[in-house]
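[1] Have a look; sequence and predicted model below, questions after that.
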Amino acid sequence: MKSVKFTVSVLAIAAVSATAAAARDQVQVSGSSTVLPYATIVAEAFGENTDFPTPVVESGGSSAGLKKFCEGVDENTIDVANASRKIKDSEIEACAANGVTDIMEVRIGYDGIVFASDINGNHFKFTPADWYKALAAEVVVDGKLVPNAVTMWNDVNADLPAQEIQTFVPGTKHGTREVFEVNVIEQGCKDTGAYDAIMAANGGDKDATVKSCTSLRTDGRAVDIDGDYTETLARIDSNKNGIGVFGLAFYENNTDKLQVATMNDIVPSTETIADGSYPVSRPLYFYVKKAHIGVIPGLKEYAEFFVSDDMAGPDGPLAAYGLVSDPELASVQAAVEAETVMSK
């Protein structure tokens, strides 16, 4: 595959095929909206450069995709689930209960979670503590948990602009939400000292403490977005005070509309994610149902094509779109070739 053709249109990258496979000779993929543009690029190139039909790629969120993935082993179930987080133990158990026991975990690279607002609006320099104090359902005041009533960003941090708090965050079915909760909200809870106070109030119950830290307010300051990033962008377009949570790649492809905030004084970029200095990044994955290899034409070939140097390498089209190439890509390629499954 030395001379791969890339004639993917902008529309093809942004769009998702909504049509069902005419026959089950097509690989079927569903899941993460963050992984969606990468999978779409790969699917289009795979269809153009091999003798296999173009895979059908759908979105819906990591959790929704993995739920479909775990429905069973037959040609009426999907072959690949895209995810912006690792599969959970509970999902592995759900898979096993339906006969999906041999699962291949494939890491495609890394992406950052960024905080972006209207390009003509105020500029923000955030910390995780700012987001915790702005969005937590309850905050610690004088040693007690009380409902969060702040309405302005400068009430959270005097160095932030005097702008109303209005945020658009990924809904709970998205893998990005879990990373946001852990790397931003929970971290902010710890940074402010609230975590220790809540832990003491909960008698050392870590699960209850994390739940309290990461529960977001429901008064309209934090709006869950169940759709993909285009919906978040549309919300900001209609509410110029809005700040959205996006994947880095989506932001980088919409810099004519959005400006990005720093986090802990670090500007998100492929370079700061690759060197680990940007604090809110995560690996991206897809999961393959090994039992479908050899049954669904082109499934293994699609997985190998996805993580090939030509596609997922630092000079490939996925990196051009915003993916941070995996420094251990050769190991990932070897695992796919060997059809290595997750340990039980």
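    Yep, it's here. Note that the structure is a prediction, hence the values are computed from the model and not measured.
[2] Looking only at residue counts, what's the top strand in the protein?
    strand 103-118 (DSSP state E).
[3] partners of the next helix or strand after it in the sheet?
    Next helix or strand after strand 103-118 toward the C-terminus (DSSP states H and E): strand 125-126. Its sheet considered, strand 125-126 pairs with strand 262-263 (parallel) by DSSP bridges.
[4] and the strand it pairs with, average pLDDT?
    Summarised as a single mean, pLDDT over strand 262-263 is 98.
[5] Check which element follows that strand along the chain.
    helix 270-274.
[6] residues of that next one that come out buried?
    T270, T272, I273, A274 (16 or more other CB atoms under 10 Å). Every C-beta, even on glycine, is put in place using the N, C-alpha and C of the backbone.
[7] what packs against it?
    strand 103-118 (3 or more CB pairs under 8 Å, 6 or more residues apart in numbering; DSSP states H and E).
[8] Just the mean pLDDT for the strand it packs on, thanks.
    96.
[9] ok now do S33, which residues does it touch?
    S59, G60, G61, H174, G227, D228, Y229 (CB atoms under 8 Å, 6 or more residues apart in numbering).
[10] Shouldn't it be within a strand?
    No - read with DSSP: H, G, I helix; E, B strand; the rest coil, S33 is coil and lies in no strand.
[11] what does the model give it for pLDDT?
    Value for S33, per-residue pLDDT: 90.
[12] swap in E178?
    pLDDT at E178 comes out at 88.
[13] Determine the number of other residues adjacent to S32.
    Neighbour count of S32, defined by other CB atoms under 10 Å: 30.
[14] how near is the residue lying closest to E58 once chain neighbours are set aside to T255?
    Spatial nearest neighbour of E58, excluding adjacent residues (CB to CB, 6 or more residues apart in numbering): S30 at 4.4 Å. Distance, S30 to T255, by CB to CB, to the nearest Å: 29 Å.
[15] Which residues are in contact with D228?
    S33, L36, S59.
[16] which one of S30 and T255 has more residues nearby?
    Shown here are S30 and T255; by other CB under 10 Å, S30 has more neighbours (25 against 11).
[17] what about that one, helix or strand, and which?
    strand 28-31.
[18] What of A320?
    helix 317-321.
[19] ok, and for that helix, which residues are buried?
    Those would be P317, L318, A319, Y321, for helix 317-321 by 16+ other CB under 10 Å.
[20] so how far is that helix off the chain centroid?
    16 Å (CA atoms, centre = their mean, to the nearest Å).
[21] Alpha carbons only: can I get that helix in PDB?
    What follows is helix 317-321, C-alpha atoms only, in PDB (Å, rounded to 0.1, in the frame of the first residue of the first chain):
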ATOM      1  CA  PRO A 317      -4.500  11.800   6.800                       C
ATOM      2  CA  LEU A 318      -5.600  11.100  10.300                       C
ATOM      3  CA  ALA A 319      -2.800  13.100  11.700                       C
ATOM      4  CA  ALA A 320      -3.600  15.800   9.200                       C
ATOM      5  CA  TYR A 321      -7.100  15.900  10.600                       C
END
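[22] Against which helices or strands is it packed?
    Packed next to helix 317-321, using 3+ CB pairs under 8 Å, 6+ apart, are helix 36-49, strand 103-118, helix 309-312.
[23] one more time with 7 Å
    Using 3 or more CB pairs under 7 Å, 6 or more residues apart in numbering; DSSP states H and E as the contact criterion, the elements in contact with helix 317-321 are helix 36-49, helix 309-312.
[24] What is the first one packed up against?
    Using 3+ CB pairs under 7 Å, 6+ apart as the contact criterion, the secondary-structure elements in contact with helix 36-49 are helix 10-14, strand 56-57, helix 299-306, helix 317-321.
[25] Repeat that for the last one.
    In terms of contacts (3+ CB pairs under 7 Å, 6+ apart), helix 309-312 is packed against helix 317-321.
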